[in-house]
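Trainee: got a sequence here, can you model it:
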Amino acid sequence: MFKIYNIKGNEIPIVDVTTEDEYGCLYSTLGLVCIELSTHQDITLERVLEKKSDLIISAYNDTNKQVVQRSDEEFEELVFKYFDKYEKILGLEAKKLYIYPSSLKSLAWAYNDNEIELNHYMKYLEEEIIELTIYHELCHLYTLKHYGTFEHDEDFYNMLYKEFPKEEVERIMSNN
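Mentor: This is a model prediction of the structure:
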């Protein structure tokens with residue numbers, strides 16, 4: 001779940017999710033702090049917010065990205081805008097697109113049955129991150145179709161860097 005918490009006078013955007021992993025974790029990525037609570041531990045989000053407040057503030061301050069407040073409808077409009085644009089450029093079409101909430105360890109996934117899943121929490125990220133992520137996943141489908149692989153290999157990066165030069169990818173996806 002996404003919520004902005006006031007922690008020691010700081011407005012911190014936090015995504016909290018449950019994980020089946022043995023231990024939970026806390027990390028920041030692209031303007032959001034993610035707190036993963038393990039089903040194997042008896043700890044609440046409130047306790048993490050209380051006990052780890054300085055770590056949460058520090059993690060958030062390590063990123064320069066801004067959280068964007070947009071509705072589900074606005075997010076879907078962006079998603080379809082970029083899917084339409086890049087499917088045409090790459091000459092392919094994803095069979096299915098799914099959007100659902102998940103850990104922020106991954107923003108999206110492409111599958112060899114021509115399906116793509118997007119993390120619902122991407123809706124809070126800057127538009128250029130959403131655009132790059134969609135193109136990235138479509139590049140996986142492209143390289144699967146033309147080269148028979150999903151790997152982050154030379155063919156994949158050649159395709160990715162045609163639209164987004166390496167320096168631009170690094171700038172967009174960096175936390176600072």
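
Trainee: middle-most residue in the chain, spatially?
Mentor: Leu107 (2.7 Å; Cα atoms, centre = their mean).

Trainee: run through the residues that contact that one.
Mentor: Residues near Leu107 by Cβ atoms under 8 Å, 6 or more residues apart in numbering: Leu118, Asn119, Met122, Leu125, Ile129, Thr133. C-betas here are computed from N, CA, C, even on glycine.

Trainee: mind listing what Leu118 touches?
Mentor: Here Leu118 is in contact with Val79, Leu97, Tyr98, Ile99, Leu107, Ala108, Thr133, Ile134, Glu137 (Cβ under 8 Å, 6+ apart).

Trainee: should've said Ile129
Mentor: Contacts of Ile129 by Cβ under 8 Å, 6+ apart are Leu30, Lys65, Leu107, Met122, Ile172, Met173.

Trainee: what about it, which SS state?
Mentor: At Ile129 the chain is in helix, as set by DSSP: H, G, I helix; E, B strand; the rest coil.

Trainee: where's it relative to Glu168, distance?
Mentor: Remark: distance between Ile129 and Glu168 (Cβ to Cβ, to the nearest Å) = 12 Å.

Trainee: what do you get for Asn158?
Mentor: Separation of Asn158 from Glu168 (Cβ to Cβ) stands at 15 Å.

Trainee: done for today, thanks.
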